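Colleague: 3D, please:
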Amino acid sequence: MKIFYKFLLVLITLSSILGLVYFYYVSTTNENQNFEPPNEPTAQSPMETNLTRNDEGDCVEEDFNKETTVTQDGWVLVWQDEFEGNCLDSSKWNLEDWAAEKNNELQYYSPNNVKVEDGVLKLISKKELFKGKDYTSGAVHTQGKFAFLYGKAEMRAKLPAGQGMFPAFWMMPDKENTWLPEIDILEMLGHQPDQIWMVSHWLGEDGKLKSVSDTFKGPDFSKDFHTFSIEWTPDSITWLIDDIERFTINRNIPSEKMYLYLNTAVGGNWPGSPDQTTFFPVSFEIDYVRVYKGNGEGG
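Modeller: Below you'll find the predicted structure:
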């Protein structure tokens, strides 16, 4: 009988221990599940969006002075960024930090999506939830830091492809809350990576938006680097791709200083939304941006 009671006591003790272990396991598992992120893109923290440096560390300011001695017939180099540092040169560029509110675009422009590495500026587009937007992307511009009237603006870049991607290199008047006239040195719809749009917009006498444009069909501009530029005079604007003239206009030529803008929009009225064929992240990679004046021209 004593053996029976001892066995019963051991059995009860083991059952209690097993019960406690099970309770602890279930409680701990449920707690972890409560903190598991959902199966969707996670948002960046607000502090991350204020970063202007790359992950490698602080900016190396000396690298900002590594400029090339570029010459072109009839043109004098007056401004450039070769992107040789390890972060964006804030004396030349502004970082966008806002949710796009035009053209039904889907991205939030975050400074954290702008990187400078390996001699290339990268505007990175991602699929992730952030501040009410389903995507993040990058945009930089020179408003208030550099603008010019007439000359040649040139960029060497590899463009991002994919349904819903909308990279652009363009110019606007160097004044607040003004976007016309506008010169689009290049626009590309990501689902048509072999076609470049060259566009000029202005405000007509009737107060309505007016535009003139042309397209150039060439190689897949997302596969390699190409040059995109305009030559802007009081009488004309000529678009060049890989140093070959592609389009010229001779009317409604802007006659005020304009600044440079680089960005990749995601979605919107014109390119449409990304779909299952669009792969993220994707980068707009810029090797350099240069501005020239004609020989004898003033600033």
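Colleague: how close does the closest residue to S236 other than its chain neighbours sit to D235?
Modeller: Closest residue to S236 apart from its sequence neighbours, by Cβ to Cβ, 6 or more residues apart in numbering: N250 at 5.0 Å. (C-beta placed from N, C-alpha, C; glycine too.) Per Cβ to Cβ, to the nearest Å, N250 is found 6 Å from D235.
Colleague: Tally up the residues packed near G207, please.
Modeller: 6 (other Cβ atoms under 10 Å).
Colleague: meant to ask about K145
Modeller: 16.
Colleague: now the residue nearest the centre of the chain: how far from L186?
Modeller: Nearest to the mean C-alpha position of the chain, by Cα atoms, centre = their mean, lies G138 at 2.8 Å. Relative to L186, G138 is positioned 16 Å away (Cβ to Cβ).
Colleague: swap in D194?
Modeller: 13 Å.
Colleague: more neighbours, these two?
Modeller: L186 (23 against 14).
Colleague: That one pairs with what?
Modeller: Under DSSP bridges, the beta-bridge partners of L186 are F169.
Colleague: List the contacts of it.
Modeller: Residues near L186 by Cβ atoms under 8 Å, 6 or more residues apart in numbering: 155, 159, 167-170, 196-198, 228, 241.
Colleague: residues near the residue nearest to W98 when sequence neighbours are not counted, how many?
Modeller: Spatial nearest neighbour of W98, excluding adjacent residues (Cβ to Cβ, 6+ apart): Y109 at 5.7 Å. Using other Cβ under 10 Å, Y109 has 25 neighbouring residues.
Colleague: and what of T248?
Modeller: Neighbours of T248 (other Cβ under 10 Å): 14.
Colleague: which residues are contacting the helix or strand in which it is found?
Modeller: Assigned by DSSP states H and E, T248 falls within strand 244-249. Contact with strand 244-249 is made by 196, 198, 200, 212, 214, 216, 236-240, as judged by Cβ under 8 Å, 6+ apart.
Colleague: From the residues you listed, list just the buried residues.
Modeller: Buried members of the contacts of strand 244-249, counted by 16 or more other Cβ atoms under 10 Å: 196, 198, 200, 216, 237-240.
Colleague: would you turn these into a markdown table with distance to L77 and pLDDT?
Modeller: Formatted as a markdown table, the buried ones among the contacts of strand 244-249 follow (distance: Cβ to Cβ, whole Å; pLDDT from 0 to 100):
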| residue | distance to L77 | pLDDT |
| --- | --- | --- |
| I196 | 24 | 98 |
| M198 | 23 | 98 |
| S200 | 24 | 98 |
| F216 | 25 | 98 |
| I237 | 20 | 98 |
| T238 | 19 | 98 |
| W239 | 20 | 98 |
| L240 | 16 | 98 |
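Colleague: Reformat the residues you listed as JSON lines; add distance to E285.
Modeller: Putting the buried ones among the contacts of strand 244-249 into JSON lines (distance: Cβ to Cβ, whole Å) gives the following:
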{"residue": "I196", "distance to E285": "16"}
{"residue": "M198", "distance to E285": "21"}
{"residue": "S200", "distance to E285": "26"}
{"residue": "F216", "distance to E285": "20"}
{"residue": "I237", "distance to E285": "26"}
{"residue": "T238", "distance to E285": "25"}
{"residue": "W239", "distance to E285": "21"}
{"residue": "L240", "distance to E285": "20"}
